[in-house]
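> Any chance you can model this:
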Amino acid sequence: MTTTSDTPPVLGRYRLLTQALARHFSDRPTLHSVVSGLLVDALQKKRDPWSSPINLDHLKIIWTVDATERVLDVARQQPLLEAVLEHIALGRPINYTFYEEEQCYLAELGEGSVLNEQTRPFLPMLSAEQAIRQVVLDWVRGYQQALVDYWNEPVEGYRSRQHWLGAFFGELIVSSANSTPGLSDEQINAVRQVIKYPVHADRIHLLGRTRPRVYFAQVQSGEAGDRVEDLLPDLLVVHSVDGAEQLLVCMPSGQIESFATLDAYGRYLGRTLSLSGPVDSRVWKRYEADGDCLQTQAMIELNTQLAAIRTLQEAGPQPFASIEKLARKLQRITDPAQVFSLEEDLMSEPLGRVFQALPDWLKNATVNDRFSYRSHMIDLGNVMRKANGRVFDEGIEDLHGYASRVLHEQMLKDQPLAPGYWPDDLLLDFTVATGPLGTAGLVETVRYTLTELALQNLIAVPSGHMTISHKHNQLIQDWWMTPAYIKTLIHKVDVGAQYPALIKRLLVDDPVEAARREVLFTGHLQVALPMLALEWMLKGQGMLTRFGYRCIAALMQNDARARTVDGESVSIFPLALLSGPRAIPDFVRAMFVIGLTDKPFGRCVLYRPLFKDVLVEYSSAQAMLDALCRAGLLRDSVLDWLSDSPRAVHAAGGLSTAHPRVDAHSFFYLRPMRNDFLHDVFREAATALVLQADRQSVSNAESRWASLKEGGWLLLNTVLPLMRGPVAVAGWLLLTVNAVQQDFTALASDEEKTKAPAIIDLLFNIALVLLHISQPATQGEPQDPTQVVLAEPALSSIAGTEAEPAPVNVRQGQVYFSDVPVGNNRSELNFAWFNNPMIHFTQVQLGWLELNRVTAPESRKPIEQGPLKGLYVIGNKWHALVRGFRLCT
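Here you go, the predicted model:
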């Protein structure tokens, strides 16, 4: 259900993107929080170890005299934290020990406490001043460390904020690649390959020599001794077109620029980077990232923030107008939303109506679930764009459309001079007696269209008297359009045999054509099935829980190593039954079980690609067996898709409704499929459809046909839940298309070539509006974009400007390949120690370990308790065991 109102929310790209970042970064470290933590630590070191915890809110500096040492009538008080912040922000001198002990001291005054003669100093002022000086000296380093720790904190669904931000940047880039005008198919494909395989080793292994190479630029200004080296966060994607190298610059904001040569990029740098300082010449170097390039991109954003914080200290004493001004400056520096421009809203589509048209179950989902659905939507749009709107079942009509067409064509052949009736317009009424056991009773009329009757033919055709009429009251030529002719016509076209034969010809017989369609099918299924699972979970359909959704989403990952849920491997198993302890397994056609590899009899999802209820989750394999033993459509579907002999055995045995309860461990044969299981799923489902063509080979053809008819041949339909072809949109997306046609005129086009790309663009716009957070803004969340005061722009290789700067000579410097860490150790962060956790150490890291390793004494044991637990002391130096022990820090 979709609920709409007359006034859609005002949404723009800038607002949506900054909202998304604010949700993960709005509680980042502040000047107040960092200095508070440092001050507490510094004061605690000056006290006895067993002292009570410090409450900074209660600590105040007391002056009993003024600056001229004149005794004050009322002692002056200032909160200690406020005083320290003034030393940092305003550059005020630290001179507390200038006074005598009774003239200036630190006191603890709790709520309701009053300063009097009995108030004792909390700490000697000499010790307090030493702590204050230490904080003023260390606050920049402390701020940097607090920021790094904050970025390393896990967030829901991700190892860290940095991991989330890297994935977020990747989604923005691939969305832009699919919607940026002017990019060629080769350029878009290069970006897709990088985002699909962000890890350097994966691109080498899977793409080989044809892989695009990914670099990061470092711009060097000044001479040795006074050199500034800035890393740029843009992905530099170098790919080959007709033997010539071309460059794509992919910015964190998603903006993509193309350059014919690397020299052209250097000239562009000369025109844009001149804004950041009056330097006559610069050198830009590039580094090929080892590990995950998207995570490196996020790290460079963090590195830029750390460098900007460091400059506050390097500039020396520079009093700010107030503590608040310094705090705001630090908040701007550490705001990752600086990668976006408010000007982007001027180019945004009218996104408010898109959000308004979303179904309620999606709008009312949690923010995390909407983010997950957004990722699937981007993947779907990317797959659709990559396939140029083509789908695996193109040229294969849906079952109803096929039946209607062949019936119409056959009638024209039989009666070429007749009016040319359409099967959906011919109404066939059957008068059927409903009395028990053939006795006289009630008489009712059952109506079918000619198409429906043809599809009903293999199940049960009513035996009563047939009357033929027309839906639009057109004259029926009863001299040839008779009940006898109808039966002959249905027998002649034989939809039940010819439609599966068509599928066999297109999906099986031609290996080249079958392989092409398989690629399209598996690509769509990988994104559509998790998307469907999440939708059903949100709607409470199919008993899908978050566990089931996570299993399906993990199973569809490209990298087999990533197919895990909470560290446990996920697999798909063919549904197979055992009739006895040593019996050969009986495999059920086109049915599978999805669950944990090492716990196949635990919680699981039954996956039936040919049925309407494609996914059903159970608390255990035993619960699934209990459901299969109950009379109904589920049990019938399993029996129908067994071969003849096993069907009879299991109907009377393990699946008997009257049989004592059977143990699932002895009844199910569950063995994981291989890593390329998508190929097997496609072949199995296609084969199941083809077998329907040979109706004489199975005794239950009617039952199978009934199940396929009920599901509408779902392999060719709603197993790809959003659309069958980019124009034939179904479900909630159809309502969304209708609601926004006035804003996206291409959606109203009758031309498929025009409408198909528009629908794919709509998928990306839906993904964008799913970032909208309708809850009240939290502290730190961006204001209305029209009220935002823009921060200083973050350094980027592409910085738009209206004023044409004087060109700067930016020459291309050295190229460093993956054995050199990004930045070559001339950065705030050590990129050598960053890598994908699933990849082993790089050569740089192994070299460092080899250089610094020692032989561990056999008799020496690590520290067993405290913050240094796990470390060794060898030769008065700290050592750590890198493999086999996790440090506790």
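
> what about the strands in the stretch 301-450 of the chain?
Per DSSP state E, counting those that start in this stretch, the stretch 301-450 of the chain carries strands over the ranges 426-433, 443-449.

> Would you mind giving these as JSON lines with distance to residue 169 and mean neighbour count added?
In short, each C-beta sits where N, CA and C put it, glycine included. Formatted as JSON lines, those follow (distance: least, CB to CB, whole Å; neighbours: other CB atoms under 10 Å):
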{"stretch": "strand 426-433", "distance to residue 169": "58", "mean neighbour count": "16"}
{"stretch": "strand 443-449", "distance to residue 169": "53", "mean neighbour count": "14"}
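
> Would you mind telling me which of the ones you listed is nearest residue 352?
strand 443-449 (42.0 Å; CB to CB).

> So what touches that closest one?
Strand 443-449 is contacted by residues 423-434, 456, 462, 464, 471 when judged by CB atoms under 8 Å, 6 or more residues apart in numbering.

> related to what we said a few turns ago, among the strands of the stretch 301-450 of the chain, which is nearest residue 63?
Residue 63 lies closest to strand 443-449 among the strands of the stretch 301-450 of the chain, at 95.5 Å (CB to CB).

> May I have the closest one exported as CSV, CA atoms only?
Output in CSV follows, covering the C-alpha atoms of strand 443-449 (Å, rounded to 0.1, in the frame of the first residue of the first chain):
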residue,chain,number,x,y,z
VAL,A,443,-26.6,-25.6,-10.9
GLU,A,444,-23.9,-23.0,-11.2
THR,A,445,-22.2,-21.3,-14.1
VAL,A,446,-18.3,-21.4,-14.4
ARG,A,447,-16.8,-18.8,-16.7
TYR,A,448,-13.4,-18.9,-18.5
THR,A,449,-12.0,-16.9,-21.3
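
> What's the mean pLDDT across stretch 655-662?
When pLDDT is averaged over stretch 655-662, the result is 75.

> whoops, stretch 152-164 was the one
88.

> Name the residues of it that are buried.
Residues of stretch 152-164 classed as buried: 155, 160, 161, 162, 163, 164 (neighbour count, 16 or more other CB atoms under 10 Å).

> now do stretch 518-527
Buried-residue list, stretch 518-527, by 16+ other CB under 10 Å: 518, 520, 521, 522, 523, 524, 525, 526, 527.

> Dump these to a markdown table, plus pLDDT, distance to residue 578 and secondary structure.
Below are these laid out as a markdown table (pLDDT from 0 to 100; distance: CB to CB, whole Å; DSSP: H, G, I helix; E, B strand; the rest coil):
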| residue | pLDDT | distance to residue 578 | secondary structure |
| --- | --- | --- | --- |
| 518 | 90 | 31 | helix |
| 520 | 89 | 36 | helix |
| 521 | 88 | 31 | helix |
| 522 | 90 | 30 | helix |
| 523 | 89 | 35 | helix |
| 524 | 88 | 34 | helix |
| 525 | 89 | 29 | helix |
| 526 | 92 | 31 | helix |
| 527 | 89 | 35 | helix |
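
> what's the closest of those residues to residue 86?
Nearest to residue 86 among the buried residues of stretch 518-527, counting by CB to CB, is residue 527 at 55.3 Å.

> How about the contacts made by the closest one?
Shown in contact with residue 527 (CB under 8 Å, 6+ apart): 376, 379, 380, 383, 556.

> Can you check those residues and name whichever has the most neighbours?
Neighbour counts for the contacts of residue 527 peak at residue 380, which has 26 neighbours (criterion: other CB atoms under 10 Å).

> any idea how far that one is from residue 374?
Shown here: residue 380 relative to residue 374, a distance of 11 Å by CB to CB, to the nearest Å.

> and what of residue 588?
Using CB to CB, we find residue 588 at a distance of 35 Å from residue 374.

> For residue 254, give me its contacts.
Residue 254 makes contacts with 169, 172, 173, 175, 176, as judged by CB under 8 Å, 6+ apart.

> and the buried residues of stretch 152-164 as JSON lines, adding distance to residue 594 and secondary structure?
Below are these laid out as JSON lines (distance: CB to CB, whole Å; DSSP: H, G, I helix; E, B strand; the rest coil):
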{"residue": "155", "distance to residue 594": "26", "secondary structure": "strand"}
{"residue": "160", "distance to residue 594": "28", "secondary structure": "coil"}
{"residue": "161", "distance to residue 594": "31", "secondary structure": "helix"}
{"residue": "162", "distance to residue 594": "31", "secondary structure": "helix"}
{"residue": "163", "distance to residue 594": "25", "secondary structure": "helix"}
{"residue": "164", "distance to residue 594": "26", "secondary structure": "helix"}
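
> Which one of those residues is nearest to residue 415?
Using CB to CB, residue 164 comes nearest to residue 415 of the buried residues of stretch 152-164, at 66.2 Å.

> just the helices in the stretch 251-400 of the chain please.
262-272, 293-314, 323-333, 351-356, 360-363, 367-386, 399-414 (DSSP state H, counting those that start in this stretch).

> I'd like to know which of these lies nearest to residue 284.
When these are compared by CB to CB, helix 262-272 sits nearest residue 284, at 5.9 Å.

> which other helices and strands contact the closest one?
Here helix 262-272 touches strand 244-250, strand 256-259, strand 281-288, strand 809-816, going by 3 or more CB pairs under 8 Å, 6 or more residues apart in numbering; DSSP states H and E.

> circling back to that earlier point, list just the nearest of the contacts of residue 254 to residue 686.
residue 175 (32.3 Å).

> so that closest one sits right up against residue 380, yeah?
No - here residue 175 does not reach residue 380: they are 11.5 Å apart, not a contact under CB atoms under 8 Å.
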